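S.K.: give the three-dimensional model of this entry:
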Amino acid sequence: MSFLLNKDRIVMGVDYYPEHWDKSLWAEDLDRMKKAGIEFIRIAEFSWNLFEPQEGEYTYTFFDEFLELCKEKDMKVIFCTPTATPPAWLTDKYPEVLNARQDGVLYRHGARRHYNYNSPIYQRFTRNIVERIASHYAPHESIIGWQIDNEINCEKDEFYSESDTIAFREFLKEKYGTIKNLNKAWGTAFWNQTYTSFSEVYVPRTTLSNSTNPHEVLDYKRFVSDSACRWAKLQSDIIRKYIKPGDFVTTNGLFGNLDNHRMVRESLDFMTYDSYPNMAYGVDSHFIETSGLRDRFWGLLLDEVRSLKGNFGIMEQQSGANGWNTAMAAPTPKPGQITLWTMQSIAHGADFVCYFRWRTCTFGTEIYWHGILDYSGRDNRRLKEITEIHDKFAAIKEVSGSEYKAEVGVVETYSNKFDSELDAWHKMIETTSKTGIYEASQFTHTPIDYVYLQDETRVEELAKYKVLIYPHAVIVTEKEASLLKEYVENGGTLILGCRAGMKDETGICSQKNMPGLLSDISGVEVTEFSLVTPGEKALVSWDDDEIEAAVFTDELSPSSGAEVLATYANRYNKGVPALVENKYGKGRVIYFGGAFNRHSAEVFFKKLGVINPLSEIMDIPEECEIAIREKENNRYIFVLNYSGEAQEITLKKDMFNMYTSASCSGKITLSSYETLILKQ
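M.R.: Numbers count the residues shown, from 1 in each chain. The predicted structure is shown next:
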């Protein structure tokens with residue numbers, strides 16, 4: 001059993017960089033960590049030079065000494081491969097290992113993640129360094145697991161080096177076989193883009209007005225994902241030759257142009273995530289700010305991580321202010337917010353939490369990316385709060401191994417995710433619906449899961465959801481359509497939004513009547529469609545509720561037996577069907593002609609009987625989130641107050657307060673950022 005995902009207790013760790021500190025601080029730091037309840041550390045992800053200071057010259061002295069100290073102090077260690085930052089001697093001698101901008105200019109040494117996955121030279125050096133450190137360090141008793149690289153596809157998820165073009169051609173040859181098949185899939189007859197040889201094909205290059213062939217870019221995104229997955233597997237395969245029984249292989253983050261499900265399936269025991277909700281309060285455009293959600297938006301990202309393989313870990317959890325010297329700035333967490341964001345991670349499925357970082361670095365780009373301790377290293381309120389969190393972990397230890405529970409699943413595919421990033425129309429509806437559905441989920445206290453359709457997905461995985469919402473199945477395959485059909489036939493309720501069945505897997509628009517492969521189960525035909533004119537609202541009358549078909553309107557014609565639930569209430573298409581229900585097998589499909597904003601998603605939750613599953617046992621204000629985890633007939637209810645003001649909740653039944661080990665009921669006041677975990 002893993003030291004971390006042990007199903008018995010929740011474990012606390014911290015990121016530590018011994019190379020940043022004088023050796024005289026090491027023992028003191030480890031002792032202070034242990035006193036605070038920290039049981040493991042993550043090390044070495046940016047330390048290539050400490051293993052190979054010059055090409056072909058290897059040394060293990062530095063981390064040998066540090067790991068022996070960890071053994072003495074009984075501190076467990078996650079060891080990382082250092083490939084996110086190749087050393088200067090390597091990039092200087094072999095510039096072909098560097099990534100490049102789209103116009104061909106190389107990204108030079110001085111930051112991180114400046115390499116390209118597809119350089120044969122970089123792959124050779126990577127194999128060598130991973131082989132050497134894994135064979136040397138894996139037997140060490142303090143090491144409990146390995147992290148591959150660091151934040152794969154962070155900073156840059158596009159690769160334009162010569163090595164990438166060569167690899168892209170091989171990717172396309174394997175996929176299409178002939179240049180004739182590629183030309184058909186990419187629609188190269190348009191604008192005279194036809195190729196006569198694979199040697200004429202490049203990764204997307206700078207073009208006039210930066211217009212690109214969308215089918216080429218869709219395949220390019222798949223290629224980048226394939227490259228990243230192969231990169232992770234290259235390292236994982238080496239590490240697994242040496243690790244001890246019970247040790248794990250993981251990596252951290254959740255970034256673009258990457259099929260994370262495939263990467264986990266092929267290479268990892270589980271995924272870890274780097275959670276920084278404070279970025280929502282930043283003053284730079286880099287920071288995510290979603291209407292009404294702010295730091296609650298990170299729950300959406302945690303739900304995405306959970307979709308990969310169930311329960312997961314946090315490799316970097318917010319513990320201080322954010323900031324680089326070149327960009328980004330966010331304030332220090334207020335009292336209680338570290339606890340709030342930690343419990344947010346646990347609520348959504350994390351079973352261990354590793355804080356970033358122990359000491360705030362006094363030099364380099366991240367001098368403003370603060371850890372638990374400030375530059376001086378003195379005790380502070382953040383350290384005190386971390387220590388108190390450890391006590392809370394002890395009180396809720398039985399939550400470990402429990403499963404997040406939701407009756408609603410939101411369906412996604414990587415083809416649609418990639419397409420929505422390159423197709424402006426698709427992006428508008430996808431962004432609106434993803435935000436709207438999540439806002440509705442949060443503010444109505446309706447937990448949701450994200451459900452990715454993969455080649456391996458079986459109907460049993462879908463059957464546990466009372467309702468599946470597929471906001472925009474713009475690209476849909478026959479296999480996916482068949483899977484959804486089986487879900488509905490067996491009694492499921494499937495909600496489809498606008499533009500369903502518009503494209504095939506290459507991104508080419510289907511000549512079939514929309515919704516194409518989903519026409520049979522949806523019982524509708526889209527007879528007309530349009531983007532909503534900016535400044536207008538397309539309203540839909542649904543019984544006593546009026547909702548908005550946001551961004552787009554599909555006008556629907558129901559087939560025989562399908563029922564019109566609602567029509568457009570204004571504009572030129574007033575009275576035209578906008579919402580149609582079709583009974584199919586034991587289940588039903590409801591097609592909605594627009595994108596989902598918060599209000600419309602709330603109405604769907606209400607009409608379908610899935611809204612706020614805890615309404616009979618508690619009343620909770622919008623400012624608080626609820627999350628439900630279950631294990632062995634026990635239900636654990638997380639109540640998280642994201643407000644800077646006190647909030648009152650009402651428990652209609654007696655429950656067990658896990659923090660205090662006492663029963664509670666009636667009105668309870670949660671102070672600013674306070675959390676409560678109840679057992680039922």
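
S.K.: so who does Phe356 touch?
M.R.: For Phe356, the contact set (C-beta atoms under 8 Å, 6 or more residues apart in numbering) comprises Val14, Asp15, Asp274, Glu316, Gln317, Gln318, Ser319, Trp369, Gly371. (Glycine included, C-beta is placed from N, CA and C.)

S.K.: one more time with 10 Å, if that's ok
M.R.: Counting by C-beta atoms under 10 Å, 6 or more residues apart in numbering, Phe356 touches 14-15, 42, 274-276, 314-320, 322, 366, 369-372.

S.K.: and for Asn490?
M.R.: By C-beta under 10 Å, 6+ apart, the neighbours of Asn490 are Val459, Glu460, Leu462, Ala463, Gly585, Lys586, Gly587.

S.K.: please parse the chain into its domains.
M.R.: 408-607, 618-679 (automatic domain parsing).

S.K.: got those domains as CSV, with mean pLDDT columns?
M.R.: Below are the domains of the chain laid out as CSV (pLDDT from 0 to 100):
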stretch, mean pLDDT
domain 408-607, 97
domain 618-679, 98
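
S.K.: looking at the ones you listed, which is closest to Gln102?
M.R.: Distance to Gln102, taken as C-beta to C-beta, is lowest for domain 408-607 among those, at 13.7 Å.

S.K.: the closest one: end-to-end distance?
M.R.: One end of domain 408-607 to the other measures 13 Å (C-alpha to C-alpha, to the nearest Å).

S.K.: and it, how far out from the chain's middle?
M.R.: In this view, domain 408-607 has its centroid 22 Å away from the chain centroid, taken as C-alpha atoms, centre = their mean, to the nearest Å.

S.K.: and stretch 189-201, by the same measure?
M.R.: 36 Å.

S.K.: quote the end-to-end distance of it.
M.R.: With C-alpha to C-alpha, one end of stretch 189-201 sits 15 Å from the other.

S.K.: circling back to that earlier point, between the contacts of Asn490, which sits nearest Arg359?
M.R.: Checking those against Arg359 by C-beta to C-beta gives Leu462 as the nearest, at 46.4 Å.

S.K.: what helix or strand is that closest one on?
M.R.: Taking DSSP states H and E as the definition, Leu462 sits inside helix 459-463.

S.K.: mind putting the domains of the chain in JSON lines, distance to Asn128 included?
M.R.: Below are these laid out as JSON lines (distance: least, C-beta to C-beta, whole Å):
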{"stretch": "domain 408-607", "distance to Asn128": "32"}
{"stretch": "domain 618-679", "distance to Asn128": "43"}
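
S.K.: please identify the most buried of these.
M.R.: With neighbours taken as mean count of other C-beta atoms under 10 Å, those reach their highest mean count in domain 408-607, at a mean of 20.

S.K.: tell me the pLDDT of the residue lying closest to Asp374 once chain neighbours are set aside.
M.R.: Nearest non-adjacent residue to Asp374, counting by C-beta to C-beta, 6 or more residues apart in numbering: Thr360, 5.5 Å away. Thr360 is assigned 98 on the pLDDT scale.
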